[in-house]
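Q: A structural model of the following input is requested.
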Amino acid sequence: MSRAILTLNTGSSSLKFGLYRDAPEPEMLLTGQVDGLGPEAHLVVEKTTQTINAPTHTDALEQVILALHPHMSCLTISGVGHRIVHGGPKYAEPMVLTPDVLTALAEFSPLAPLHQPHNLAGVEAARAAFPDAVQVGCFDTAFHRGHPWVNDTFALPRNFYHEGVRRYGFHGLSYDYITGVIAVEDPELHKKKLIIAHLGNGASMCAVRAGKSVGSSMGFSALDGLPMGTRCGQIDPGAVLYLIEQRGMAPEDVLAMLYKESGLLGLSGLTSDMRTLLGSEKPEAGEAIDYYVFRARREIGALTAVLGGIDALVFCGGIGENAAVIRARISEGLEYLGISVDAEANLRNDREIGAGATRVMVIPTDEERIIARAVNVALSERVARAG
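A: Numbers count the residues shown, from 1 in each chain. Just a heads-up that it's a prediction; the model follows:
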């Protein structure tokens, strides 16, 4: 039997998965996801979709395992890799998920209340399904550890920083993959100053110098920075206090609004899907896109200041990789930074779409591959210890 790796990316109502043959560079065999956990969830495997009964993450994983059976000939799951949103100030490298590590990660749940508990639920489901497999956690915050102190701290009483109230940054698995691609394909560019724009339902930007994160649009939580599908992005904390103290909103209702009812959905009153907004003639849709583009341009300017210049702007994520009109609109007015796009190359989603002194690129991200690679390392270390 050959060793196989399963990667799991667990969300509040979804479970994305990837099946890889274990090799020095893991070989992707299959990807898919379960959406809308509940009695009528949708299991998507490659290009096929079926309705399944999956009220919990454990149920979803059981359905995924059944779907994988036809593809598991001569394969055995030896390792399972998990995307864990928050590693806190402690974890900066992939970790084998021992009981002690899981206990520590559960303590970070208040820092990512709508992500961390579901990530850990996926781990428990995988441990039950594959008791002999090594379970490895990869942290979305890890790529940003080692920031300069001024990029990590808030101007609060200093003790809060030491207690963990600091800027963490997220989408690190995506940034890790993109910088890795550039390191292989263009080593000279890898040494320079980049802004990577991960634009999807969740969205952030990262300032990268010589392959290392030095600044992120996201901060203490995955709410900060850019507006997203349903998340608000940057907001004056005074507005949050006003909603609670003067409007009488319960904290849990404010939490739900900021995470699930804001962003593109809240601004448009229509949808969180950029594709639908781009196709709509309603003025609210256009205004939501205007705000999204405005904030993206503002963040590029801010991160350019963090870097002290910019050599390349890299788009990734579902919107960044596919929405040519959004890339073009974000680039408009940034000529002072040497940023402009070639219209035809942009429409083709070419790797290089820039028309100015600063390179503008489109690089599809692959967070699951970063996870699979981490599991591969853990499996190799297990074999070495056994030998």
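Q: going forward, measure contacts between C-alpha atoms and count neighbours the same way
A: Will do.
Q: What helices and strands are in contact with whichever strand or helix holds residue 136?
A: Taking DSSP states H and E as the criterion, residue 136 maps to strand 134-139. Packed against strand 134-139 by the contact rule (3 or more C-alpha pairs under 8 Å, 6 or more residues apart in numbering; DSSP states H and E) you find strand 75-84, strand 95-96, helix 116-129, helix 172-185, helix 367-386.
Q: rerun that using 6 Å as the cut-off
A: strand 75-84, strand 95-96 (3 or more C-alpha pairs under 6 Å, 6 or more residues apart in numbering; DSSP states H and E).
Q: Just the C-alphas of the first one, formatted as CSV.
A: Spelled out, it's strand 75-84. The C-alpha trace of strand 75-84 is given here as CSV (Å, rounded to 0.1, in the frame of the first residue of the first chain):
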residue,chain,number,x,y,z
LEU,A,75,-3.6,3.8,-0.8
THR,A,76,-3.9,4.2,2.9
ILE,A,77,-4.3,7.5,4.7
SER,A,78,-1.0,7.9,6.7
GLY,A,79,-1.3,11.6,7.5
VAL,A,80,-4.0,14.3,7.8
GLY,A,81,-3.2,17.9,7.5
HIS,A,82,-5.4,20.6,8.9
ARG,A,83,-5.7,24.4,8.3
ILE,A,84,-5.8,25.9,11.8
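Q: Can you mark which positions in the helix or strand following the strand holding residue 136 are buried?
A: As assigned by DSSP H and E, the chain's next helix or strand after strand 134-139 is helix 149-152. Buried residues in helix 149-152, counted by 16 or more other C-alpha atoms under 10 Å: 151, 152.
Q: for the helix or strand following helix 149-152, the distance to its chain's centre please.
A: Next helix or strand after helix 149-152 toward the C-terminus (DSSP H and E): helix 158-162. Its chain's C-alpha centre and that of helix 158-162 lie 27 Å apart, by C-alpha atoms, centre = their mean, to the nearest Å.
Q: per-residue confidence averaged over helix 158-162?
A: Mean pLDDT, computed over helix 158-162, is 95.
Q: swap in stretch 376-387?
A: What stretch 376-387 shows for mean pLDDT is 86.
Q: Pull out the buried positions in it.
A: Quick answer for stretch 376-387 (16+ other C-alpha under 10 Å): 376, 378, 379.
Q: now stretch 113-120
A: Using 16+ other C-alpha under 10 Å as the test for burial, stretch 113-120 gives 114, 115, 116, 117, 118, 119, 120.
Q: Now pLDDT too, for those residues, in JSON lines please.
A: Putting the buried residues of stretch 113-120 into JSON lines (pLDDT from 0 to 100) gives the following:
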{"residue": "114", "pLDDT": "77"}
{"residue": "115", "pLDDT": "83"}
{"residue": "116", "pLDDT": "91"}
{"residue": "117", "pLDDT": "89"}
{"residue": "118", "pLDDT": "87"}
{"residue": "119", "pLDDT": "91"}
{"residue": "120", "pLDDT": "92"}
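Q: Pull the most distant pair out of these.
A: Farthest pair in those (C-alpha to C-alpha) is 114 and 120. Separation: 11.4 Å.
Q: Make sure residue 208 is indeed in a strand.
A: Yes - looking at residue 208 with DSSP: H, G, I helix; E, B strand; the rest coil, it is inside a strand.
Q: Nearest residue to the middle of the chain?
A: residue 171 (3.5 Å; C-alpha atoms, centre = their mean).
Q: Check the contact between that residue and residue 139; I expect there is one.
A: No - using C-alpha atoms under 6 Å as the test, residue 171 is too far from residue 139 to be in contact (8.9 Å).
Q: circling back to that earlier point, residues in contact with the residue nearest to the centre of the chain?
A: Residues near residue 171 by C-alpha atoms under 6 Å, 6 or more residues apart in numbering: residue 140.
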